[in-house]
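**Q** need coordinates for the below:
(4 chains)
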Protein chains: 4
Amino acid sequence: MAGNSFGELFRVTTWGESHGGAVGAVVDGCPSRLELTEQLIQRDLDRRKPGQSDITTARDEHDQVHILSGVFEGKTLGTPISLLVWNEDARSDDYLGFKDMYRPGHADYTYEQKYGIRNWQGGGRASARETIGRVAAGAVARLVLASQTKIEIVTYVRSVGDIEADIDSAKVTPRLLESNIVRCPDAKAAKKMESLIRKAKSEGDSIGGVVECIIRHVPVGLGEPVFDKLSADLAQACMSIPATKGFEIGEGFAASRMRGSEHNDPFVMKRGAVRTVTNHAGGILGGISSGEDIILRVAFKPASTIEQEQKTVSTAGKNTTMKARGRHDPCVVPRAVAVVEAMVAITLADHLLRNMTQNF
Amino acid sequence: MAGNSFGELFRVTTWGESHGGAVGAVVDGCPSRLELTEQLIQRDLDRRKPGQSDITTARDEHDQVHILSGVFEGKTLGTPISLLVWNEDARSDDYLGFKDMYRPGHADYTYEQKYGIRNWQGGGRASARETIGRVAAGAVARLVLASQTKIEIVTYVRSVGDIEADIDSAKVTPRLLESNIVRCPDAKAAKKMESLIRKAKSEGDSIGGVVECIIRHVPVGLGEPVFDKLSADLAQACMSIPATKGFEIGEGFAASRMRGSEHNDPFVMKRGAVRTVTNHAGGILGGISSGEDIILRVAFKPASTIEQEQKTVSTAGKNTTMKARGRHDPCVVPRAVAVVEAMVAITLADHLLRNMTQNF
Amino acid sequence: MAGNSFGELFRVTTWGESHGGAVGAVVDGCPSRLELTEQLIQRDLDRRKPGQSDITTARDEHDQVHILSGVFEGKTLGTPISLLVWNEDARSDDYLGFKDMYRPGHADYTYEQKYGIRNWQGGGRASARETIGRVAAGAVARLVLASQTKIEIVTYVRSVGDIEADIDSAKVTPRLLESNIVRCPDAKAAKKMESLIRKAKSEGDSIGGVVECIIRHVPVGLGEPVFDKLSADLAQACMSIPATKGFEIGEGFAASRMRGSEHNDPFVMKRGAVRTVTNHAGGILGGISSGEDIILRVAFKPASTIEQEQKTVSTAGKNTTMKARGRHDPCVVPRAVAVVEAMVAITLADHLLRNMTQNF
Amino acid sequence: MAGNSFGELFRVTTWGESHGGAVGAVVDGCPSRLELTEQLIQRDLDRRKPGQSDITTARDEHDQVHILSGVFEGKTLGTPISLLVWNEDARSDDYLGFKDMYRPGHADYTYEQKYGIRNWQGGGRASARETIGRVAAGAVARLVLASQTKIEIVTYVRSVGDIEADIDSAKVTPRLLESNIVRCPDAKAAKKMESLIRKAKSEGDSIGGVVECIIRHVPVGLGEPVFDKLSADLAQACMSIPATKGFEIGEGFAASRMRGSEHNDPFVMKRGAVRTVTNHAGGILGGISSGEDIILRVAFKPASTIEQEQKTVSTAGKNTTMKARGRHDPCVVPRAVAVVEAMVAITLADHLLRNMTQNF
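**A** Predicted structure coming up:
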């Protein structure tokens, strides 16, 4: 109810502040007898960890995951899987100066108003470190998907600032997008994005971007048709990631400018299967997966921490100014790719389980 | 779990197919002693009902609500409020021709695959009639909000096809937007939208649009900061409405093209209160309401039912063609305004109650 | 959250006060393609309805159920099933005298304190009429069980006051227990129970009793092993029935007086299956069904409405006396049998669905 | 859904097997700004830990709790509280002999059937070590109760085997019951219970018992009146504790033998407050707390681990015999007192929060 859990049957609860003991997640509802190792989870965590390149934050965190329960002799037990990553390299002094003021764009003010208290060290619970638990749980979710389906989730950077990649989504492979530090499968655009991010950084500024995700080989029938439409749950999943401001599926906002005769995807028989000629819908009809590729996009705002002087107010209610020090990402999308992918995997794993009970 | 409920503390469950006995909702968790009448609910239902003008469907449904429980001598009891609207004017014969084929853009195929059965009369559960329960429950939600806050929700049509309204959202009033049948507060654009909708209709086609919603006088502190961010729950709420393809809050996708120095809203003291100079964030920081106006937009695809011939396949797996008859909306946004507003109200009422227990 | 729903995957929400429009239930999560008719549900409702014999209340309510959604051409759609029973024969005048006082043993006082308002007509939401929705939903639950298992639930009166039946639970059949109006399979004890109930009634008094339930042919593996043990969920299910004061499973309280060497049920191979020699555990080990018969008992207090003068206080806070008029049950257990059976069926159906997703 | 969480607004999720990394709990929904330390939690854990006396198991576990999140500078943040206790002293070799057979009375067989895999070391998830998370969370729950109410929960041993204490529940104090190792406030009975437990132990056997709990100074209005009656939720809470077989509240099963004229508690004005003359109901009317003391009892079976030879079957399906070695409790009730108290506290804290939103 306090909103630290996601999913109904595959249920992920994250916990932890950025500075303090640790961060982690409890995954409840994972089916038994799946082969789960710390290495498998670590692979995903390494994609989100800081310090991967000069365009991400310079914080040096190893983010090593520990499985504390739910796995026995390399296999899931069907019991809750407790995942933990210790907090290290926590220079809380970097934040001492902001203890008594509200950083613009951050959640300092709203947390303090809501709870009457706030952990001012590194954003506390609002820190992006919270997403470590999501990414770790996402690795477990992908294991569930792999055990029952051929689902492939490919997530990449679609745009940074005004630079938009030219991408044939059908051809994007996981390898392709990992070929550059921006995680954009269009190599030419990736170069420009890199430059733009470096430029923003050198100016003490930050820049936004869009992450795109394509999900292939989705079984027909995932999604609950009213409030828990697959599209609606993916929207919540993605919009729960820090710094997100928009979500679209299929044609998204462009669909609002289209005619029905143009947007409707005609059905056609292909090799004995019901398919659609086009895929404007983005793989979901009436909230339920149709078997076509699901395509979605998530808009991220520019990171709130910038090294320019900004106007703000103190906790005592005085107008003042501030200027951030410390280590931070000038653009969050290269690392956010791993978080979007995790949230998509968790949502799909949950709906896969939910779908099992509805049609004997 | 089957996804027919929304909200945690203010919990709405809708039920009903388009043809069959009735449609309705059960509202659980409404606080006691609020003055609730059928008239209050009817006012909202009348904004969503068919047959309001020549640009909406010609179906003649009165959609009269009945309160069956939860209210005693005009006041809520704290017990579940059962709301019912009988189905009438159900010409299921209109749909007989589509019994054995999958209408493009509709959920016929995905329902049949998911459940192994489908009510082919008027879309069954996937019909927009399902939203009657939402709108009725939304009226109760607004009562909850009104009893504790000064929250004002104003919802209107932002664009139809390529025609975008020129709107100063700060000045939109409920009266203003009801001054035309499109429900767009820019009278000039509204005229053009009307023409465009009539043109699409005359061509047997449909057209999409965008609904915008501004929420004023929101108390600081609504929203749970991780998975149930106010923004994330609003995203799910809106993306659960039939025909939606995109959602954004504040600057939305435009934020992805901005610099941090541009997007960050500086805090400033105004008449003793902490406020922001600008409102790019759209009233939410870290998933929690900041007290600034919340602004969100929802993209609707063009209605799937069109009177042009379309390619499709039969339930027997043969390629075929179809052409819709019957009565339908060439553009859903003028009526969808009421549904978006209801879902926003329900989400806010739920978070208002959730927020009561977190800071003694 | 307001507690009007039960079950996670097979989810029942009841609504309705005793006087007012109607009472009903929404069943969400029922799998599709099960054959469901109003007659099937009516059969169960008739076992619970008033006026069945001279030892139950003389109220004449037909309690005819209406299916308003979720069923199409005789089969479930996988969508919510809305069930409704109109309130009739509501002599609210019978209750006028109690509008301004708190009836001892009833929930008048606690409702008024909790909600600041109360429907004083016939107990409002606290009326046993609320259980109509449970019994109707229970019929749907049994349909789910029958479609996947051979589970047989037999529920009967174990004792009334001091009179305890001598029963070989292995031999009780549904027919046997319906052979008398008390619903006790021991015909001799049933006669005595009838007399005792009539005696209490003639003295303007009421009497308590115990309902026992045996569940046969339960698949191994139902129940979630920590908080949602099958035994714990059955306890909640049964203790949520009005007038219940105790619950036990297997040996129950008698187990507290036993030695481990006596209580442990040795495992043994029987016809190739793992079984136990004895069944002191009552069919559940570690919260999970073992395949042996589940046996449980529920204690009901004497009905609170009696026709003797009782001391009480008025809503204005004055000491006073009252004496009930009206029609009421001197002993609730003969009708409660149907409610216990419904709650057991709902709990099992829910756990059957939950168990489907845990071991691929 | 997999049943490792309890509570709606004050939500406790436990995780961990008896052998393996650790056991713990995540407490979500705890209000902010409460003073919470590891010492406060440790005090409760020490009451449940093994090795307290010669009538409990000789295992030497320190069970030191670590708070990993949710607390900042000694105060709760309103974010999830992660609690961890490392597993130590795990002699999994003690269990090697039982790897290939099902111990009678234990959950070995049902886990293996449900999940297709089982952690055979010390009972895995079915071990009583799981209750460490409950007791730790219970300490947090009591903090919530103390911050808003004067609720006092006193829990003690009512009976062991046939020996029943003679107790005036109104006079039991926490100090009184801690005066002996059985935790029974009747010193004379306690001596006999001690002897009986030692006798059972010396015979390689175990013995059951009953735990009683009295809750004082409960505010009126806690409990949701239909499925989540306070009595029903307490029943689930208590029956989810390992080894429980029965639950009763107020007169419990004895109420089934009473007349209404005897059981009904007359209301009376006492010092300006509405009270009852007697308290047969045990403090709950219609599922809602009445302000009178809540009294409940929980029946525990004799511990399943005994040092006598028992018949059983092997995992390969052969009849065989077994005899337990290792360290175990001959009677669980002296330590179970802490677990019952924790579950009661969690249930009350949850309902306290739930009640805040229902009557403005």
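**Q** now A:Arg198: which helix or strand?
**A** helix A:187-202 (DSSP states H and E).
**Q** over to A:Glu88?
**A** With DSSP H and E as the test, A:Glu88 turns up in no helix or strand.
**Q** go through whichever helix in chain A runs longest and flag the buried ones.
**A** Identified as the longest helix of chain A according to DSSP state H is helix A:333-355. By neighbour count on 16 or more other Cβ atoms under 10 Å in any protein chain shown, the buried set for helix A:333-355 is A:333-355. Bear in mind the C-beta positions are built from the backbone N, C-alpha and C, glycine included.
**Q** and chain B, which of the residues you listed reach it?
**A** On the criterion Cβ under 8 Å from any Cβ of the partner chain, A:Arg354, A:Asn355 are the entries of the buried residues of helix A:333-355 that sit beside chain B.
**Q** does any part of stretch A:205-220 sit near chain B?
**A** Yes: judged by Cβ under 8 Å from any Cβ, stretch A:205-220 and chain B are in contact via A:Asp205, A:Ser206, A:Ile207, A:Gly208, A:Gly209, A:Val210, A:Val220.
**Q** next: stretch A:25-39.
**A** No: figure legend: stretch A:25-39 not in contact with chain B (Cβ under 8 Å from any Cβ); closest approach 11.0 Å.
**Q** any bit of that stretch sitting next to chain D?
**A** Yes: for stretch A:25-39, a contact with chain D is found by Cβ under 8 Å from any Cβ, at A:Val26, A:Asp28, A:Gly29, A:Ser32, A:Arg33.
**Q** just checking, the third one touches A:Leu9?
**A** This points to A:Gly29. Yes: checked against Cβ atoms under 8 Å, the pair A:Gly29 and A:Leu9 is within contact range at 5.0 Å.
**Q** which residues are in contact with each of those two?
**A** A:Leu353, C:Thr357, D:Met1, D:Ala2 (Cβ atoms under 8 Å, 6 or more residues apart in numbering or on different chains).
**Q** residue contacts, the last one?
**A** When contacts are counted by Cβ under 8 Å, 6+ apart, D:Ala2 is found next to A:Leu9, A:Arg11, A:Asp28, A:Gly29, A:Gly78, A:Pro80, C:Glu224, C:Arg354, C:Gln358.
**Q** just the pLDDT for the residue lying closest to it once chain neighbours are set aside.
**A** Using Cβ to Cβ, 6 or more residues apart in numbering or on different chains and skipping residues adjacent in sequence, the residue nearest D:Ala2 is A:Gly29, 4.2 Å away. Per-residue pLDDT puts A:Gly29 at 97.
**Q** A:Ser53 now?
**A** So, for A:Ser53, pLDDT stands at 82.
**Q** so what's it up against?
**A** A:Ile181, A:Pro334.
**Q** in which helix or strand would I find it?
**A** Using DSSP H and E, no helix or strand contains A:Ser53.
**Q** just the one 10 residues further on next, same as before
**A** Assigned by DSSP H and E, A:Asp63 belongs to neither a helix nor a strand.
**Q** so the closest residue to it other than its chain neighbours versus chain C, what's the distance?
**A** For A:Asp63, ignoring the flanking residues on the chain, the nearest one in space by Cβ to Cβ, 6+ apart is A:Lys49 at 4.7 Å. In this view, A:Lys49 and chain C are 31 Å apart by Cβ to the nearest Cβ, to the nearest Å.
**Q** distance check, A:Lys49 against A:Arg129.
**A** 10 Å (Cβ to Cβ, to the nearest Å).
**Q** higher neighbour count, these two?
**A** Comparing A:Lys49 with A:Arg129 by other Cβ atoms under 10 Å in any protein chain shown, the one with more neighbours is A:Arg129, at 25 against 22.
**Q** pretty sure that one sits in a strand.
**A** No: the assignment for A:Arg129, made by DSSP: H, G, I helix; E, B strand; the rest coil, is helix rather than a strand.
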